[in-house]
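Visitor: When you get a sec, could you give me coordinates for this:
(one chain, ligands or ions: 1)
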Amino acid sequence: MPEDLSSSSSRLVVVSNRTAFGSQTRAGGLAVALWDTLSASNGLWIGWSGKIYDVPRRRSQVVEEDGISFALADMSKADYDGFYLGYANSVLWPVMHNRLDLAVFDSDYFTAYSVINRRFAALVAEHAHEDDLVWVQDYHFLLLAKYMKEDGWRGQCGFFLHVPFPAPEVFRSIPNHLDLAAGLCAYDVVGLQSRHDVANLARYLQEEMGAERIDSDRLRIGDHVLVLRHCPIGIDAGGFSAAATSAPAVQASHRLERFLGSRDLIIGVDRMDYSKGLPQRFEAMATLFDKYPELHGNISFTQIAPPSRSVVEEYVLLRQQLDELCGRINGDYGDLDWIPIRYLARGYDREELAGLYRLARVGLVTPLQDGMNLVAKEYVAAQDPANPGVLVLSQFAGAADQMPEALIINPHDTESVADAVHAALAMPLEERQRRWQALYKGICTEDINWWRERFLAAFDMQVSQD
Ligand code: ADQ
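Guide: I've put the predicted structure just below:
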C-alpha cells in the first residue's frame, strides 16, 4: 500500500469532496464520472473520508482500490456543518442554481469553507508533487488553488465546475463573492458545462476582476492567463448501453414489468433536490391525466429519487412536498387497479437503473436548473435501438445544448410538459429511431473520455500564451 504517494511519477490528481472509495452505489454524477477516468490512469483521488469524528484523526488515510490511490481526510461535526451543509450547500448550491431565496448567508459558513479549503490544499501539498496535474472538482473547492499557491505550489492546477455559473448579478449577491473570484483566478484552467456558463463567468470576471479577453478561450487577469473552457461532461455511453442488457438490468426490468402489466412506463431518476423540478414534474403528470383521460390506467409514472443532504431544511420540505403531491395525485386519479404515480425514495445499482431506463417509453428529465444532467444521457444510452423510448428534456439542463433531438420543454410550463409526454407516447417508431440515432451518436462522440481529454488539452492553451 503506497504510504508516500508524493514519490510516485507524474499522475492525474483529482480533488473532490466525496470520493467513490468503497461505495456500492454511486448516487452522484461526479462520482460516477470520475471513477473510470482515474482507474484507467492509476491516479490519486483526494477527498473527504465521509467520516465525522468529535476529534478528527490528524493524518489522512491512504488506501487503494481498483488501481486508484486515495488520500482521505476526516471532518469534525463543526467542519461538516459549516463547510458542507453550510457554505457549500446552503450558499453556493442555491446561488449557482439561481435560488437566492434559499441561500443562508452566515459568515461562519464562509470561515468554515476557508478552513476546509486550506486543509485540503495542505493535503495536496503532502501527497502530490509538482509534476502531477491537479484537477479540482466542483463548488466545494473554489479557493483551493489560491491556498495551494500561497503554500508554494508551482505545478498545474485546473478546476471543473459541475454546476451552472449563474448570471453575474446573481453571483454578486454572495457577500464573499470577491474572495471566491480571487480563488477562481488562481487556477490555470477553469472548465464549465455550457457556453452559457462560460459567458457568465467571463462577464463576471471582466466586470469584477478587471479581466481582459485574449481570445475566445483565454482571459488575462494581471499577469496571469486563465483558460475558460467549455467542456460538457459525458458518460461512458458504450458501457452504459451494455449495462442495460446485463443480468441485473434484465432482472430489475422484469420485476418492474410484473407491476406494470401492459402499461407504458414513464420514468424519472434524480437525486432528490430542489433544482431537479420534481414538484413541477408531478404537477405536469396531473395535468397529463386531466388533459388526456384516455391515458388513465394505461401508463405509469415511476420517480426514483434517493434523498440527499437530508438534514438541510429545504430537502426535508421537498420530501414532504413530494409525499403530499404523490398522495394527492394518486387519490385524485388512481383507481382500484391503477396507481398513476409511484415514487421510490431509494437508489439503485447502475445496471438496475439501466434496465429500468430501457423499459421506459419516456424518460422525463425536467430540472429547473442543471449543470449538465447525466440521467438524460444514460436514458438514451440504455435504449433498445429497435424500439427506443423518447427523452423529454428541460431547456435548463446543460444537456439540452447537446441533445436537440430530445423533446425540449420548459419545466415551469406544466401543460407543455404534459403535451410533450403525450406526444412522446404517441410518436411513431420511425421518428423515435431517427431522434434516438442522432442522440446516441452525440453521446458516443462526446463521451466521458472526450470530456477528460478536452479539459486536459486546455492546459496547452495556457502555456501557449502570447
Ligand atoms: P447531480 O446533480 O448529482 O450531479 P446528474 O448529472 O443527474 O446530477 O447525475 C446523477 C447521477 O446519479 C447519474 O449518474 C444517475 O444515474 C445517478 N443516480 C441518480 N439517481 C439515482 C438512483 N436513484 N440510484 C442510483 N443512481 C442514481 C452534478 C450536477 C449535474 C452534472 C453532474 C456531472 O448537478 O448537472 O451533470 O454533476 O457533472
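Visitor: quick one: low-confidence parts of the stretch 1-150 of the chain?
Guide: Along the stretch 1-150 of the chain, segments meeting pLDDT under 70 span 1-9, 24-33, 56-58.
Visitor: And the helices in it, which stretches?
Guide: Counting by DSSP state H, counting those that start in this stretch, the stretch 1-150 of the chain forms helices over residues 29-40, 77-79, 93-96, 107-127, 144-150, given from the N-terminal end onward.
Visitor: same thing with the stretch 251-400 of the chain?
Guide: Secondary structure of the stretch 251-400 of the chain by DSSP H, counting those that start in this stretch: the helices cover 278-291, 313-333, 350-359, 374-381, 399-402.
Visitor: Pipe the helices of the stretch 1-150 of the chain into JSON lines and attach mean neighbour count and distance to residue 158 per row.
Guide: Every C-beta, even on glycine, is put in place using the N, C-alpha and C of the backbone. As requested, the helices of the stretch 1-150 of the chain are exported to JSON lines (neighbours: other Cβ atoms under 10 Å; distance: least, Cβ to Cβ, whole Å):
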{"stretch": "helix 29-40", "mean neighbour count": "20", "distance to residue 158": "14"}
{"stretch": "helix 77-79", "mean neighbour count": "15", "distance to residue 158": "25"}
{"stretch": "helix 93-96", "mean neighbour count": "22", "distance to residue 158": "19"}
{"stretch": "helix 107-127", "mean neighbour count": "19", "distance to residue 158": "13"}
{"stretch": "helix 144-150", "mean neighbour count": "21", "distance to residue 158": "8"}
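Visitor: sorry, back to before: lowest mean pLDDT across the helices of the stretch 251-400 of the chain, which one is that?
Guide: The weakest mean pLDDT among the helices of the stretch 251-400 of the chain belongs to helix 313-333, with a mean of 92.
Visitor: Could you tell me how far residue 327 is located from residue 298?
Guide: Counting by Cβ to Cβ, to the nearest Å, the separation of residue 327 from residue 298 is 22 Å.
Visitor: do residue 117 as well
Guide: As for residue 117, its distance to residue 298 is 53 Å (criterion: Cβ to Cβ).
Visitor: Residue 435 too?
Guide: The value you get for residue 435 to residue 298, if Cβ to Cβ is used, is 23 Å.
Visitor: okay, the two: which has more neighbours?
Guide: Ranked by neighbour count (other Cβ atoms under 10 Å), residue 435 and residue 298 place residue 435 first, with 21 against 12.
Visitor: ok, that one - contacts?
Guide: 388, 390, 405, 406 (Cβ atoms under 8 Å, 6 or more residues apart in numbering).
Visitor: Most neighbours of all those, which one?
Guide: Using other Cβ under 10 Å as the neighbour definition, those reach their maximum at residue 390, which records 29 neighbours.
Visitor: most distant residue from the middle of the protein?
Guide: Summary for the chain: using Cα atoms, centre = their mean, the residue whose C-alpha lies farthest from the chain's mean C-alpha position is residue 336, with a distance of 38.6 Å.
Visitor: how far away is it from residue 263?
Guide: From residue 336 over to residue 263 the distance is 15 Å, taken as Cβ to Cβ.
Visitor: same deal with residue 308?
Guide: Counting by Cβ to Cβ, the gap from residue 308 to residue 263 is 29 Å.
Visitor: higher neighbour count, these two?
Guide: A direct count of neighbours by other Cβ under 10 Å for residue 308 and residue 263 places residue 263 higher, at 18 against 15.
Visitor: Kindly state the pLDDT recorded for the residue lying closest to the more buried one once chain neighbours are set aside?
Guide: Once its chain neighbours are removed from consideration, residue 263 has its nearest residue in residue 300; the separation is 4.7 Å (Cβ to Cβ, 6 or more residues apart in numbering). Confidence per residue is given as pLDDT, and for residue 300 that number is 97.
Visitor: and what of the one 10 residues further on?
Guide: The pLDDT attached to residue 310 in the predicted structure is 62.
Visitor: so the helix or strand containing residue 443 versus helix 374-381, what angle?
Guide: Counting by DSSP states H and E, the element that carries residue 443 is helix 429-445. Relative orientation of helix 429-445 versus helix 374-381 (axes from the mean of the first three to the mean of the last three Cα atoms, to 10 degrees): 120 degrees.
Visitor: And the ligand, is helix 429-445 touching that?
Guide: No: remark: helix 429-445 sits outside contact range of the ligand, by Cβ under 6 Å from any ligand atom, the gap being at least 12.6 Å.
Visitor: Quick check: what element follows that helix along the chain?
Guide: For helix 429-445, the succeeding helix or strand toward the C-terminus, using DSSP H and E, is helix 448-463.
Visitor: Against which helices or strands is that following helix packed?
Guide: The helices and strands touching helix 448-463, judged by 3 or more Cβ pairs under 8 Å, 6 or more residues apart in numbering; DSSP states H and E, are helix 29-40, strand 133-137, strand 156-160, strand 189-192, strand 224-230.
Visitor: for the shortest one, packing partners?
Guide: I take that to be strand 189-192. Identification of packing neighbours for strand 189-192 by 3+ Cβ pairs under 8 Å, 6+ apart yields strand 156-160, helix 195-209, strand 224-230, helix 448-463.
Visitor: In a markdown table, list these along with mean pLDDT and distance to residue 413.
Guide: Below are the helices and strands packed on strand 189-192 laid out as a markdown table (pLDDT from 0 to 100; distance: least, Cβ to Cβ, whole Å):
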| stretch | mean pLDDT | distance to residue 413 |
| --- | --- | --- |
| strand 156-160 | 97 | 31 |
| helix 195-209 | 98 | 20 |
| strand 224-230 | 97 | 28 |
| helix 448-463 | 89 | 31 |
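Visitor: what's the most buried one of those?
Guide: With neighbours defined by mean count of other Cβ atoms under 10 Å, none of those is more surrounded on average than strand 156-160, at a mean of 24.
Visitor: could you say what helices and strands the helix or strand following that strand packs with?
Guide: Going down the chain from strand 156-160, the next helix or strand is helix 168-171, by DSSP H and E. Contacts of helix 168-171 with other secondary structure elements, assessed using 3+ Cβ pairs under 8 Å, 6+ apart, are made with helix 195-209.
Visitor: who's in contact with the helix it packs on?
Guide: Against helix 195-209 from outside (Cβ under 8 Å, 6+ apart): 161, 164-168, 171-172, 177-178, 181-182, 184-185, 190, 192, 211-213, 219, 221, 226, 228-230, 371, 398, 401.
Visitor: didn't residue 447 look like it was pressed against residue 236?
Guide: Yes: counting by Cβ atoms under 8 Å, residue 447 does reach residue 236; the two are 6.4 Å apart.
Visitor: Skipping its backbone neighbours, what lies nearest residue 189 in space?
Guide: residue 158 (3.8 Å).
Visitor: just to revisit the earlier point, and the helices and strands packed on helix 448-463: which comes nearest residue 343?
Guide: For residue 343, the closest of the helices and strands packed on helix 448-463 is helix 29-40, at 20.7 Å, according to Cβ to Cβ.
Visitor: which bits of the stretch 101-250 of the chain sit near the ligand?
Guide: With Cβ under 6 Å from any ligand atom as the criterion, the stretch 101-250 of the chain comes near the ligand at residues 162, 163, 233.
Visitor: what about 5 Å?
Guide: 162, 233 (Cβ under 5 Å from any ligand atom).
Visitor: so where's the stretch 151-300 of the chain shaky on pLDDT?
Guide: The low-confidence ranges in the stretch 151-300 of the chain, as defined by pLDDT under 70, are absent entirely.
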